[in-house]
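Enquirer: Task: produce atomic coordinates for the following.
(2 chains)
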Amino acid sequence: MIPRKLRRLQGRQFGTLIGLILLSVVLTILTPYFLTVSNLVNVVQQSAIIAIVAAGITFVIISGGIDLSVGSILALGGLVMADALQAGVAVPVAIVVGLLVGLAAGCVNGLLVTFGRLPPFIATLGTMSAVRGLALMYKDGSPISGFSDSFRALATGGVMGVPAPVITMLIVFVIAHFILTRTKVGRYAYAIGGNEEGALLSGINVRFHKIVVYGISGMLSALSAVLLTARLNSAQPIAATGYELDAIAAAVIGGTSLLGGEGTLFGTLIGALIMGVLRNGLNLLNVSSYVQQVAIGAVIIIAVFVDMALKRKR
Amino acid sequence: MQHALSLALVVLALCQAGCGRGNEGEKKGPTIGFALTTLNNPFFIDMKKGAEATAQRLGVNLIIQASERDIDVEKQMQIVENLIQRKVDALCVTPNGAREIVPAIVKATQAGIPVFVVDMKVDEKTLREAGGSIVSFAGSDNFEGGRLAGEFVASKLGGKGLAAILEGVPGHETGESRSKGFRAAVKDKPGIGLVSSQSGGFDRAQGYNVMQNVMQAHPDLQAVFACNDLMALGAIEAIAASGRTGSIVVVGFDAIDEAKEAIRSGTMDATVAQYPAEMGRVAVESAVIVLKGGEVPAFVPVKIELITKANVDSVVAQQ
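Expert: Alright, predicted model coming up:
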């Protein structure tokens, strides 16, 4: 059963990838500014932050949940990390502090969903607001700006022309893919999302593994905060407002089912890139920002529509 | 495969719909990119119109791109990066954050693109330290505007009464300058008490709700200064809902059409007029002058004035 499922998933990832390639071909024809090395590097870099948030949310969605609090957790994690950096804490330590804030906030989500028995949508809707409030309280609404070059290198640096955020993103996806496909954490997430009762009856510690996926989501949101803060040289309490929707869209375009039990990180990565390429292309083509919102909405709807149509055919 | 095809088709269709307008005016002149804060606010729509009319007149290809939310500094950075990739000759920008825009300006500087800042000042220290530079800033003095509003409220209340401020987005430079200006004006008026200063997020619905709450807490409130007209318009509705229209002085900021209409009908007392279309014009003109080898001043002030029932019609005629 599992091999067949995997094969089907791979087929769908392939479809999304072709979508991305076709989109790129269309943009290459329409504008000479799209297919240049510097622009492609630019697009991947721009997609990195949402892609990492989306990687975390993919775990949650696969387990049958949803996480609306990612943007707020990103803001809070970023502020605490920024505060630590300005207090003179070493860069790696400050990052770990930020990640722990994200992990903790994610675990709170997990606890609310498992022991609190709240629907994930409600639990994370609550923490989305509460954590945003904490972020605003943290420095009384003010941003924290101005960091050392060694920290900023996480956004501005790179290795052999590959920007640091892209490298970070790739490392995150490789590790996350390994966890999702090769470890209990990932396998159980699929099992819980596919059939929670079945998972429970077969002896999986459902509560524990749900808390783990929310923890992963929170931690990856905080990791995105590192890139965002380094990129803007500022951590803002209002940062990343609305990112939860972009991240969910990336996962869904990439073939992750909101019903749970299905999805891949490769698909999510392509989903994030499709949104990034679309925004970039529409900027280059000077398409009105009103039309851009219609375009992004249309792509989300079409991607899922075609996905479900193909599923019914099988 | 079907999936992919439909995706590509939609993009094609939308591009044709979207670019039709853009390409029609394709000229031989320079290309100027304009990264605008948002197009969900009439203030920036007016600025866009001013910039477009000027571009038309001067034979400039103007690319205007706006982020969906006015607080989204990262989207704005993406837009600037994309405009750099588009190889624009000059860049105009209304920053979404006084400090957060700096890395984007540095990128433009490194790409050799002259940058013209409009409406919101860039934090100079951050810019200098980061090694970026701008050619010129065109905008109004928001602090002065807030001060004008404060003086108006004080005189309208006869120097005695309770006032509240509806602030903008926390940490947003423009809104903070306005509320600081207002505070500075009422500070030396011992009879004026500032009982509340809460954020309405520059948003109409939030302005309504916050105003409602403030009136609950301070039933004897006599004046409110909203750091933009959208919040003031929301506040007017909240005041009307509590049946107190006319008993609370309402002052907004920006002088958008709806606010001027409200002043004419008497539900609002004053607003501070900025001239966004003028800012758009100045930005594009400055860019063209510099691209032709000329020079522009580092600060081009765009006038700011208080609009009340007395002068609302003459101001509209001027515009």
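
Enquirer: Every contact and neighbour count from this point should use C-alpha atoms.
Expert: OK.

Enquirer: Does stretch A:292-311 reach chain B?
Expert: Yes. Counting by Cα under 8 Å from any Cα of the partner chain, chain B has neighbours in stretch A:292-311: A:A295, A:A298, A:V299, A:I302, A:A303, A:V306, A:D307.

Enquirer: and the spatially closest residue to A:F121 that is not a sequence neighbour, how many neighbours?
Expert: Using Cα to Cα, 6 or more residues apart in numbering or on different chains and skipping the chain neighbours, the partner closest in space to A:F121 is A:I66 (5.9 Å). Neighbour count of A:I66, defined by other Cα atoms under 10 Å in any protein chain shown: 26.

Enquirer: Distance check, B:P114 against chain A.
Expert: Separation of B:P114 from chain A (Cα to the nearest Cα, to the nearest Å): 19 Å.

Enquirer: For the closest residue to that residue other than its chain neighbours, name its beta-bridge partners.
Expert: In this structure, B:P114 finds its nearest non-sequential neighbour in B:A90, 5.1 Å apart by Cα to Cα, 6+ apart. B:A90 forms beta bridges with B:I32, as assigned by DSSP bridges.

Enquirer: wait, B:A90 sits on B:V115?
Expert: Yes. Using Cα atoms under 8 Å, B:A90 is in contact with B:V115, at 6.2 Å.

Enquirer: so where do the strands sit in the stretch 51-200 of chain B?
Expert: Listed in chain order, the strands of the stretch 51-200 of chain B (DSSP state E, counting those that start in this stretch) span B:61-66, B:90-93, B:115-118, B:136-139, B:161-167, B:192-199.

Enquirer: Pull the distance from the second one to the chain's centre.
Expert: On the basis of Cα atoms, centre = their mean, to the nearest Å, the separation between the geometric centre of strand B:90-93 and that of its chain is 16 Å.

Enquirer: ok, A:S224 to chain B distance?
Expert: According to Cα to the nearest Cα, A:S224 stands 12 Å off from chain B.

Enquirer: try A:E244
Expert: For A:E244, the distance to chain B equals 14 Å [Cα to the nearest Cα].

Enquirer: Quick one: name whatever helix or strand follows whichever strand or helix holds that residue.
Expert: Assessed by DSSP states H and E, A:E244 sits inside helix A:243-253. Downstream of helix A:243-253, the first helix or strand assigned by DSSP H and E is helix A:265-284.

Enquirer: can you pull the buried residues of that next one?
Expert: Using 16 or more other Cα atoms under 10 Å in any protein chain shown as the test for burial, helix A:265-284 gives A:265-284.

Enquirer: Report the residue spans of chain A with pLDDT below the cut-off.
Expert: Scanning chain A with the threshold set as pLDDT under 70 gives A:1-13, A:313-314.

Enquirer: Give me the most central residue, it.
Expert: What sits nearest the mean C-alpha location of chain A, by Cα atoms, centre = their mean, is A:A54, with 1.7 Å.

Enquirer: Count the residues that sit near A:V185.
Expert: 17.

Enquirer: which residues sit in contact with B:C227?
Expert: By Cα atoms under 8 Å, 6 or more residues apart in numbering or on different chains, the residues touching B:C227 are B:G146, B:I165, B:L166, B:E167, B:G168, B:G175, B:R178, B:S179, B:F202, B:G252, B:F253.

Enquirer: Filter the residues you listed down to just the buried residues.
Expert: Using 16+ other Cα under 10 Å, the buried ones in the contacts of B:C227 are B:G146, B:I165, B:L166, B:E167, B:G168, B:G175, B:R178, B:S179, B:F202, B:G252, B:F253.

Enquirer: Please name the spatially closest residue to A:L85 (chain neighbours excluded).
Expert: Nearest in space to A:L85, with sequence neighbours left out and distances taken as Cα to Cα, 6+ apart, is A:A94 at 5.8 Å.

Enquirer: so the one you found sits right up against A:A87, yeah?
Expert: No. Using Cα under 8 Å, A:A94 is not in contact with A:A87, being 9.5 Å away.

Enquirer: Have a look at those two and say which one is more surrounded.
Expert: Using other Cα under 10 Å, the more surrounded residue of A:A94 and A:A87 is A:A94, with 23 against 10.

Enquirer: which residues does the more buried one contact?
Expert: A:M81, A:A82, A:A84, A:L85.

Enquirer: In helices, which of these appear?
Expert: Taking DSSP state H as the definition of helices, the contacts of A:A94 contribute A:M81, A:A82, A:A84, A:L85.

Enquirer: For those, could you give me a markdown table that also reports neighbour count?
Expert: Output for the ones in helices among the contacts of A:A94, formatted as a markdown table (neighbours: other Cα atoms under 10 Å in any protein chain shown):
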| residue | neighbour count |
| --- | --- |
| A:M81 | 29 |
| A:A82 | 31 |
| A:A84 | 18 |
| A:L85 | 22 |
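
Enquirer: out of those, which one sits closest to chain B?
Expert: A:A82 (14.0 Å; Cα to the nearest Cα).

Enquirer: ok, the closest one to B:R244 distance?
Expert: 46 Å (Cα to Cα, to the nearest Å).

Enquirer: how about the strand or helix carrying A:I50 against chain B, any contact?
Expert: In the assignment (DSSP H and E), A:I50 maps to helix A:37-62. Yes. With Cα under 8 Å from any Cα as the criterion, chain B is reached by helix A:37-62 at A:S38, A:N39, A:N42, A:Q46.

Enquirer: Can you flag the buried ones in those?
Expert: Buried among the residues of helix A:37-62 next to chain B (16+ other Cα under 10 Å): A:N39, A:N42, A:Q46.

Enquirer: Measure how buried residue 309 is and give me the count.
Expert: This is for chain A. A:A309: 11 neighbours (other Cα under 10 Å).

Enquirer: could you do chain B instead?
Expert: Other residues close to B:K309 by other Cα under 10 Å number 18.

Enquirer: Surely it and B:E261 touch.
Expert: No. Applying Cα under 8 Å as the test, B:K309 and B:E261 come out as separate, 9.8 Å apart.

Enquirer: If anything else comes up later, I'll come back, but that's it for now.
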